[in-house]
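**Student:** using only what follows, build the 3D model:
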Amino acid sequence: MPSRLVLFCVVIMMLVSACGASNEPSLTSTPPPTETLVPPPALTATSVIPLAILVLPATLDAETSNLYQKTVYDLAQTGGMRFQVRNTLTTADLEPGLQVVILLPPDPGIAALAVAAPNVQFLAINMPGVTAGANISVLGGNSQSDIAAFLAGYTAALITDDYRIGMMMPRDNVDAIRAFNAFASGMTFYCGTCRPFYYLPWSFPQYIDIPADEDKNHYNAFSDILILQYKVRTIYLYPDIATLDIETYIGTTGTLMIGTVTPEQRPAGWVMTIQLDVIKAIQSAWPQLISGQGGLTVQSPLGLSDIDPNLLSPGRQRLVEQLLSDLQAGFVGVSP
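**Tutor:** Have a look, this model is predicted:
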(Lines give C-alpha, C1' and ligand atoms only; values in the text may rest on other atoms or scores of the structure.)
Protein backbone atom coordinates (compact mmCIF):
# COMPACT_ATOMS: atom_id res chain seq x y z
CA MET A 1 0.00 0.00 0.00
CA PRO A 2 2.59 2.67 0.93
CA SER A 3 4.61 1.81 -2.17
CA ARG A 4 1.58 2.30 -4.36
CA LEU A 5 0.90 5.59 -2.74
CA VAL A 6 4.44 6.71 -3.34
CA LEU A 7 4.23 5.65 -7.00
CA PHE A 8 0.94 7.50 -7.42
CA CYS A 9 2.40 10.66 -5.95
CA VAL A 10 5.42 10.43 -8.27
CA VAL A 11 3.14 10.14 -11.32
CA ILE A 12 1.04 13.14 -10.24
CA MET A 13 4.15 15.25 -9.76
CA MET A 14 5.45 14.33 -13.21
CA LEU A 15 2.15 15.33 -14.83
CA VAL A 16 2.02 18.64 -13.02
CA SER A 17 5.63 19.32 -14.01
CA ALA A 18 4.85 18.59 -17.68
CA CYS A 19 1.86 20.93 -17.74
CA GLY A 20 3.88 23.73 -16.23
CA ALA A 21 6.68 23.24 -18.69
CA SER A 22 4.33 23.91 -21.57
CA ASN A 23 3.81 27.44 -20.28
CA GLU A 24 7.49 28.19 -19.70
CA PRO A 25 9.39 29.97 -22.46
CA SER A 26 11.87 27.90 -24.41
CA LEU A 27 15.45 28.44 -23.46
CA THR A 28 16.46 28.46 -27.18
CA SER A 29 14.18 30.72 -29.23
CA THR A 30 14.35 31.03 -33.07
CA PRO A 31 15.39 34.56 -34.11
CA PRO A 32 12.89 36.51 -36.27
CA PRO A 33 13.47 36.32 -40.02
CA THR A 34 15.75 39.00 -41.42
CA GLU A 35 14.16 41.29 -44.11
CA THR A 36 15.87 40.83 -47.49
CA LEU A 37 16.68 44.19 -49.08
CA VAL A 38 15.82 44.31 -52.79
CA PRO A 39 17.62 47.08 -54.69
CA PRO A 40 15.28 49.42 -56.60
CA PRO A 41 15.18 49.04 -60.42
CA ALA A 42 17.62 51.22 -62.28
CA LEU A 43 16.03 54.25 -63.96
CA THR A 44 16.21 54.13 -67.74
CA ALA A 45 15.39 56.97 -70.13
CA THR A 46 12.13 56.50 -72.07
CA SER A 47 12.75 56.54 -75.82
CA VAL A 48 10.85 59.27 -77.70
CA ILE A 49 9.09 58.25 -80.91
CA PRO A 50 10.22 60.54 -83.77
CA LEU A 51 7.67 63.11 -84.93
CA ALA A 52 6.85 64.62 -88.34
CA ILE A 53 4.77 67.80 -88.56
CA LEU A 54 2.95 69.11 -91.63
CA VAL A 55 2.06 72.82 -91.54
CA LEU A 56 -0.84 73.71 -93.86
CA PRO A 57 -2.71 77.01 -94.21
CA ALA A 58 -6.26 76.85 -92.87
CA THR A 59 -7.50 78.30 -96.17
CA LEU A 60 -6.17 75.42 -98.30
CA ASP A 61 -8.94 73.60 -100.16
CA ALA A 62 -10.03 70.32 -98.61
CA GLU A 63 -8.99 68.07 -101.51
CA THR A 64 -5.44 69.42 -101.66
CA SER A 65 -5.13 69.46 -97.87
CA ASN A 66 -6.20 65.82 -97.63
CA LEU A 67 -3.71 64.83 -100.33
CA TYR A 68 -0.81 66.48 -98.47
CA GLN A 69 -1.90 64.95 -95.17
CA LYS A 70 -2.21 61.44 -96.59
CA THR A 71 1.18 61.70 -98.29
CA VAL A 72 3.10 62.75 -95.18
CA TYR A 73 1.07 60.46 -92.92
CA ASP A 74 1.92 57.43 -95.08
CA LEU A 75 5.62 58.37 -95.12
CA ALA A 76 5.65 58.83 -91.33
CA GLN A 77 3.87 55.54 -90.73
CA THR A 78 6.33 53.67 -92.92
CA GLY A 79 9.18 54.96 -90.74
CA GLY A 80 7.38 54.30 -87.44
CA MET A 81 7.00 58.02 -86.75
CA ARG A 82 4.27 60.07 -85.15
CA PHE A 83 2.43 62.57 -87.33
CA GLN A 84 0.78 65.92 -86.61
CA VAL A 85 -0.97 68.53 -88.76
CA ARG A 86 -0.89 72.18 -87.72
CA ASN A 87 -1.98 75.46 -89.24
CA THR A 88 0.79 77.41 -87.48
CA LEU A 89 4.11 76.57 -85.87
CA THR A 90 6.03 78.37 -83.13
CA THR A 91 9.18 77.59 -81.18
CA ALA A 92 6.95 76.35 -78.33
CA ASP A 93 5.80 73.53 -80.65
CA LEU A 94 9.33 72.19 -81.15
CA GLU A 95 8.94 69.22 -78.84
CA PRO A 96 11.52 66.47 -78.18
CA GLY A 97 11.53 63.83 -80.91
CA LEU A 98 10.61 66.28 -83.66
CA GLN A 99 12.53 65.21 -86.74
CA VAL A 100 10.92 66.62 -89.89
CA VAL A 101 8.73 69.65 -90.58
CA ILE A 102 7.12 70.27 -93.99
CA LEU A 103 5.62 73.73 -94.44
CA LEU A 104 3.42 75.48 -96.99
CA PRO A 105 3.01 79.28 -97.19
CA PRO A 106 2.63 81.60 -95.42
CA ASP A 107 6.06 81.55 -93.81
CA PRO A 108 5.68 81.08 -90.01
CA GLY A 109 9.25 82.29 -89.49
CA ILE A 110 11.11 79.24 -90.74
CA ALA A 111 14.53 80.85 -90.30
CA ALA A 112 14.01 81.35 -86.54
CA LEU A 113 12.50 77.89 -86.16
CA ALA A 114 15.48 76.28 -87.90
CA VAL A 115 17.91 78.07 -85.58
CA ALA A 116 15.90 77.03 -82.51
CA ALA A 117 15.85 73.37 -83.64
CA PRO A 118 19.14 72.67 -85.47
CA ASN A 119 18.55 68.90 -85.45
CA VAL A 120 15.17 69.19 -87.16
CA GLN A 121 14.95 69.16 -90.96
CA PHE A 122 12.59 71.73 -92.51
CA LEU A 123 11.21 71.51 -96.06
CA ALA A 124 9.60 74.70 -97.43
CA ILE A 125 7.10 74.17 -100.26
CA ASN A 126 6.69 77.09 -102.71
CA MET A 127 7.60 79.59 -99.99
CA PRO A 128 8.81 82.90 -101.49
CA GLY A 129 11.98 84.35 -100.04
CA VAL A 130 13.15 81.12 -98.36
CA THR A 131 16.46 79.70 -99.58
CA ALA A 132 18.14 76.37 -98.93
CA GLY A 133 20.85 76.12 -96.30
CA ALA A 134 21.78 74.41 -93.02
CA ASN A 135 18.67 72.45 -91.97
CA ILE A 136 16.30 74.21 -94.37
CA SER A 137 15.47 72.55 -97.70
CA VAL A 138 13.28 74.09 -100.40
CA LEU A 139 11.27 72.97 -103.38
CA GLY A 140 13.09 74.16 -106.48
CA GLY A 141 11.44 76.58 -108.88
CA ASN A 142 9.87 75.47 -112.13
CA SER A 143 12.78 75.26 -114.56
CA GLN A 144 10.76 73.06 -116.92
CA SER A 145 8.55 75.63 -118.61
CA ASP A 146 9.76 74.45 -122.04
CA ILE A 147 8.67 70.89 -121.25
CA ALA A 148 5.26 72.12 -120.10
CA ALA A 149 4.81 74.15 -123.30
CA PHE A 150 5.93 71.24 -125.52
CA LEU A 151 3.44 68.95 -123.80
CA ALA A 152 0.70 71.56 -124.13
CA GLY A 153 1.34 71.80 -127.89
CA TYR A 154 1.25 68.03 -128.27
CA THR A 155 -1.95 67.68 -126.24
CA ALA A 156 -3.69 70.59 -127.95
CA ALA A 157 -2.96 69.10 -131.39
CA LEU A 158 -4.11 65.70 -130.14
CA ILE A 159 -7.57 66.87 -129.08
CA THR A 160 -8.28 69.71 -131.57
CA ASP A 161 -9.88 69.38 -134.99
CA ASP A 162 -7.64 70.66 -137.78
CA TYR A 163 -4.92 71.45 -135.24
CA ARG A 164 -6.37 74.93 -134.68
CA ILE A 165 -4.33 75.76 -131.60
CA GLY A 166 -2.81 78.95 -130.26
CA MET A 167 -1.16 80.58 -127.29
CA MET A 168 -1.70 83.74 -125.25
CA MET A 169 1.57 85.20 -123.96
CA PRO A 170 3.17 88.43 -122.70
CA ARG A 171 4.91 90.59 -125.29
CA ASP A 172 8.72 90.91 -125.38
CA ASN A 173 9.14 88.18 -122.79
CA VAL A 174 12.12 85.96 -123.64
CA ASP A 175 10.87 83.00 -121.62
CA ALA A 176 7.43 83.24 -123.19
CA ILE A 177 8.92 83.32 -126.70
CA ARG A 178 10.95 80.20 -125.88
CA ALA A 179 7.80 78.58 -124.54
CA PHE A 180 5.93 79.33 -127.76
CA ASN A 181 8.69 77.70 -129.80
CA ALA A 182 8.43 74.63 -127.55
CA PHE A 183 4.63 74.72 -127.95
CA ALA A 184 5.02 74.67 -131.73
CA SER A 185 7.55 71.83 -131.47
CA GLY A 186 5.09 69.79 -129.42
CA MET A 187 2.44 70.22 -132.08
CA THR A 188 4.92 69.16 -134.80
CA PHE A 189 5.95 66.15 -132.74
CA TYR A 190 2.34 64.97 -132.81
CA CYS A 191 1.26 65.71 -136.36
CA GLY A 192 4.30 66.63 -138.48
CA THR A 193 3.26 69.32 -140.98
CA CYS A 194 -0.24 69.37 -139.39
CA ARG A 195 -2.17 70.35 -142.54
CA PRO A 196 -5.75 71.41 -141.71
CA PHE A 197 -8.55 69.65 -143.54
CA TYR A 198 -10.17 72.99 -144.32
CA TYR A 199 -7.95 75.53 -146.04
CA LEU A 200 -7.11 78.65 -144.06
CA PRO A 201 -4.75 81.45 -145.18
CA TRP A 202 -2.58 81.03 -142.07
CA SER A 203 -0.82 78.20 -140.31
CA PHE A 204 -0.92 76.90 -136.77
CA PRO A 205 -0.09 77.38 -134.02
CA GLN A 206 -1.07 81.03 -133.78
CA TYR A 207 -0.31 83.34 -130.89
CA ILE A 208 -1.33 86.68 -129.48
CA ASP A 209 1.10 88.66 -127.34
CA ILE A 210 -0.14 91.19 -124.81
CA PRO A 211 1.85 94.26 -123.69
CA ALA A 212 3.07 94.05 -120.12
CA ASP A 213 1.28 97.29 -119.19
CA GLU A 214 -2.05 96.24 -120.70
CA ASP A 215 -5.10 96.39 -118.42
CA LYS A 216 -6.09 92.84 -117.55
CA ASN A 217 -9.71 93.79 -118.11
CA HIS A 218 -8.85 94.04 -121.82
CA TYR A 219 -7.48 90.51 -122.10
CA ASN A 220 -10.83 89.28 -123.44
CA ALA A 221 -10.40 91.37 -126.57
CA PHE A 222 -7.00 89.79 -127.23
CA SER A 223 -8.44 86.29 -126.86
CA ASP A 224 -11.13 87.24 -129.40
CA ILE A 225 -8.41 87.78 -131.98
CA LEU A 226 -7.34 84.17 -131.61
CA ILE A 227 -10.86 82.76 -131.36
CA LEU A 228 -12.78 84.85 -133.89
CA GLN A 229 -10.12 85.94 -136.37
CA TYR A 230 -7.76 82.96 -136.38
CA LYS A 231 -10.40 80.31 -135.54
CA VAL A 232 -8.32 78.84 -132.74
CA ARG A 233 -10.16 76.09 -130.83
CA THR A 234 -7.63 75.30 -128.07
CA ILE A 235 -5.53 77.94 -126.26
CA TYR A 236 -2.44 77.48 -124.13
CA LEU A 237 -2.38 80.19 -121.44
CA TYR A 238 1.08 81.32 -120.44
CA PRO A 239 1.05 81.67 -116.60
CA ASP A 240 1.53 85.46 -116.64
CA ILE A 241 -1.68 85.78 -118.67
CA ALA A 242 -3.87 83.37 -116.70
CA THR A 243 -6.51 85.23 -114.71
CA LEU A 244 -9.92 84.13 -113.47
CA ASP A 245 -11.64 86.64 -115.77
CA ILE A 246 -9.92 85.54 -118.97
CA GLU A 247 -10.35 81.85 -118.14
CA THR A 248 -14.05 82.35 -117.46
CA TYR A 249 -14.54 84.35 -120.65
CA ILE A 250 -12.77 81.87 -122.91
CA GLY A 251 -14.80 79.08 -121.32
CA THR A 252 -18.04 80.78 -122.41
CA THR A 253 -16.92 80.71 -126.06
CA GLY A 254 -16.60 76.92 -126.20
CA THR A 255 -12.83 77.18 -126.70
CA LEU A 256 -10.63 74.71 -124.81
CA MET A 257 -7.76 75.73 -122.51
CA ILE A 258 -4.55 74.24 -121.13
CA GLY A 259 -2.49 75.98 -118.46
CA THR A 260 0.25 75.60 -115.89
CA VAL A 261 -1.63 77.16 -112.96
CA THR A 262 -4.69 75.58 -111.38
CA PRO A 263 -7.66 77.93 -111.94
CA GLU A 264 -9.19 79.59 -108.90
CA GLN A 265 -12.52 78.33 -110.19
CA ARG A 266 -12.38 75.68 -112.85
CA PRO A 267 -13.98 77.14 -116.00
CA ALA A 268 -15.74 75.33 -118.79
CA GLY A 269 -13.32 74.00 -121.39
CA TRP A 270 -10.40 73.50 -119.00
CA VAL A 271 -8.56 70.41 -120.34
CA MET A 272 -5.76 69.98 -117.82
CA THR A 273 -3.08 71.71 -115.76
CA ILE A 274 0.63 70.94 -116.25
CA GLN A 275 2.40 71.83 -113.02
CA LEU A 276 4.99 70.76 -110.50
CA ASP A 277 4.11 67.48 -108.79
CA VAL A 278 4.77 68.52 -105.20
CA ILE A 279 3.64 65.17 -103.84
CA LYS A 280 6.33 63.33 -105.76
CA ALA A 281 8.87 65.94 -104.68
CA ILE A 282 8.07 65.31 -101.01
CA GLN A 283 8.26 61.56 -101.49
CA SER A 284 11.63 61.79 -103.24
CA ALA A 285 13.11 64.13 -100.59
CA TRP A 286 11.80 62.17 -97.57
CA PRO A 287 14.66 59.62 -97.22
CA GLN A 288 17.24 62.42 -97.12
CA LEU A 289 15.23 64.48 -94.65
CA ILE A 290 14.79 61.67 -92.11
CA SER A 291 18.47 60.78 -92.42
CA GLY A 292 19.37 64.31 -91.31
CA GLN A 293 20.45 65.77 -94.66
CA GLY A 294 19.52 69.43 -94.94
CA GLY A 295 20.09 72.40 -97.23
CA LEU A 296 18.56 70.56 -100.20
CA THR A 297 17.03 72.12 -103.29
CA VAL A 298 14.44 69.52 -104.23
CA GLN A 299 13.65 69.36 -107.93
CA SER A 300 10.02 68.53 -108.54
CA PRO A 301 8.86 66.59 -111.58
CA LEU A 302 5.95 67.85 -113.64
CA GLY A 303 2.58 66.20 -113.35
CA LEU A 304 -0.97 66.52 -114.69
CA SER A 305 -3.89 67.72 -112.63
CA ASP A 306 -7.40 69.17 -113.09
CA ILE A 307 -7.98 66.75 -115.98
CA ASP A 308 -11.42 66.76 -117.59
CA PRO A 309 -11.93 63.17 -118.88
CA ASN A 310 -14.61 64.41 -121.25
CA LEU A 311 -12.05 66.58 -123.02
CA LEU A 312 -8.98 64.36 -122.57
CA SER A 313 -10.09 60.74 -122.61
CA PRO A 314 -8.29 58.17 -120.41
CA GLY A 315 -6.63 56.66 -123.49
CA ARG A 316 -5.31 60.00 -124.68
CA GLN A 317 -4.29 60.87 -121.14
CA ARG A 318 -2.05 57.80 -121.08
CA LEU A 319 -0.37 59.01 -124.28
CA VAL A 320 0.21 62.44 -122.75
CA GLU A 321 1.56 60.99 -119.51
CA GLN A 322 3.94 58.70 -121.40
CA LEU A 323 5.27 61.64 -123.40
CA LEU A 324 5.72 63.65 -120.20
CA SER A 325 7.72 60.78 -118.72
CA ASP A 326 9.89 60.58 -121.86
CA LEU A 327 10.44 64.36 -121.86
CA GLN A 328 11.59 64.42 -118.24
CA ALA A 329 13.83 61.41 -118.82
CA GLY A 330 15.46 63.19 -121.78
CA PHE A 331 14.25 60.67 -124.37
CA VAL A 332 12.44 63.44 -126.28
CA GLY A 333 13.92 66.89 -126.84
CA VAL A 334 11.86 70.07 -126.86
CA SER A 335 13.98 71.85 -129.49
CA PRO A 336 12.60 71.99 -133.05
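
**Student:** where do the strands of the stretch 151-300 of the chain begin and end?
**Tutor:** 165-170, 206-210, 234-237, 256-259, 270-276, 297-298 (DSSP state E, counting those that start in this stretch).

**Student:** quick one: which of these is nearest residue 317?
**Tutor:** When those are compared by C-beta to C-beta, strand 270-276 sits nearest residue 317, at 8.1 Å. C-betas here are computed from N, CA, C, even on glycine.

**Student:** could you find the closest non-adjacent residue to residue 137?
**Tutor:** For residue 137, ignoring the flanking residues on the chain, the nearest one in space by C-beta to C-beta, 6 or more residues apart in numbering is residue 296 at 3.8 Å.

**Student:** ok, now how distant is the one you found from residue 289?
**Tutor:** Applying C-beta to C-beta, to the nearest Å, the value for residue 296 to residue 289 is 8 Å.

**Student:** what do the two both touch?
**Tutor:** Residues touching both residue 296 and residue 289 (C-beta atoms under 8 Å, 6 or more residues apart in numbering) are 123, 137.

**Student:** re the thing from before, how about the residue nearest to residue 137, what does it touch?
**Tutor:** Contacts of residue 296 (C-beta under 8 Å, 6+ apart): 123, 132, 137, 138, 285, 288, 289.

**Student:** which of the residues in stretch 260-276 are buried?
**Tutor:** Neighbour counts using 16 or more other C-beta atoms under 10 Å place 260-261, 263, 267-276 of stretch 260-276 among the buried residues.

**Student:** stretch 70-80 now?
**Tutor:** So for stretch 70-80, counting by 16+ other C-beta under 10 Å, buried means 71, 72, 73, 75, 76.

**Student:** mind putting these into CSV with distance to residue 162?
**Tutor:** Listed next are these as CSV, based on distance: C-beta to C-beta, whole Å:
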residue, distance to residue 162
71, 41
72, 46
73, 48
75, 47
76, 51
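
**Student:** closest one of these to residue 254?
**Tutor:** Nearest to residue 254 among the buried residues of stretch 70-80, with distances taken as C-beta to C-beta, is residue 71, at 36.7 Å.

**Student:** gap between the closest one and residue 89?
**Tutor:** According to C-beta to C-beta, residue 71 and residue 89 sit 18 Å apart.
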